[in-house]
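Peer 1: Build me a model:
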Amino acid sequence: MVKVVKKAIKKSTIVESGTAAKTQVAASDLPRKTIQECLAVARPIHETYAAKSVSWDEIAAGMNRGALTPVMKYLIWGTQAYGLIIKDGDNYKLTETAKKIFTPESEVEKRENLIKAITIPTILSRFYTDYNGKFLPEGEFFDNILFIQCLYCPEICPTSL
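Peer 2: Now for the predicted structure:
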């Protein structure tokens with residue numbers, strides 16, 4: 001079976017389509033899936049496969065999903081973007097950050113590693129550092145801040161944050 005995997009665009013770019021410009025944001029900059037959804041991808045690797053290197057198909061089977069569905073692709077790409085799994089040849093394995101999230105020595109260690117994972121994607125990292133300990137802007141102001149400061153794509157941002 002031949003598996004074709006398209007790589008994400010590395011940088012945020014603006015694409016002209018017709019009359020309107022459209023911003024494209026790389027999955028590594030802003031994953032389309034939340035950290036909770038991506039932890040659900042890494043959990044079977046930890047629990048079922050004892051953190052060993054596993055294939056894309058094995059990850060999908062561990063989640064009871066189809067291997068080549070668009071949802072599964074975004075889940076795995078998001079899990080990579082958060083630094084929870086890394087490529088190991090044709091397979092994937094857990095990172096130390098993911099291992100420390102699933103088997104922490106304390107709740108503080110778990111929280112620190114969750115924050116570490118969330119701040120790996122560049123847009124989320126920038127947003128976290130700008131608003132760490134501050135009140136978040138509300139409603140349309142929140143969207144404006146993200147658009148101006150983080151060059152985000154309105155079509156995908158609400159699904160990520």
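
Peer 1: Spatially, what comes nearest to Phe142 if we skip its sequence neighbours?
Peer 2: Once flanking residues are discounted, Phe142 sits nearest to Leu136: 6.5 Å by C-beta to C-beta, 6 or more residues apart in numbering. Quick note: C-beta positions are derived from backbone N, CA and C, even for glycine.

Peer 1: and the one you found, how many neighbours?
Peer 2: Leu136: 10 surrounding residues under other C-beta atoms under 10 Å.

Peer 1: Surely it is in a strand?
Peer 2: No. Counting by DSSP: H, G, I helix; E, B strand; the rest coil, Leu136 is located in no strand; its state is coil.

Peer 1: so how far is Pro70 from it?
Peer 2: The spacing between Leu136 and Pro70, counted by C-beta to C-beta, to the nearest Å, is 30 Å.

Peer 1: cool, Leu30 as well?
Peer 2: Distance of Leu30 to Pro70, given as C-beta to C-beta: 17 Å.

Peer 1: Name the residue in those two with the higher neighbour count.
Peer 2: It is Leu30, of Leu30 and Pro70, that has more neighbours when counted by other C-beta under 10 Å, with 25 against 9.

Peer 1: didn't the more buried one look like it was pressed against Ser125?
Peer 2: No. Contact criterion C-beta atoms under 8 Å: Leu30 and Ser125 do not qualify, at 10.2 Å.

Peer 1: Look at the residue nearest the centre of the chain and tell me its secondary structure.
Peer 2: Closest to where the C-alpha atoms of the chain average out (C-alpha atoms, centre = their mean) is Gly78, at 2.8 Å. Put simply, Gly78 is helix when judged by three-state DSSP.

Peer 1: Pretty sure it sits against Glu37.
Peer 2: Yes. With contact defined as C-beta under 8 Å, Gly78 reaches Glu37; the gap is 6.9 Å.

Peer 1: from what I can see the residue nearest to Phe142 touches Asp143, true?
Peer 2: No. The criterion here is C-beta under 8 Å, and Leu136 misses it with Asp143 at 11.7 Å.
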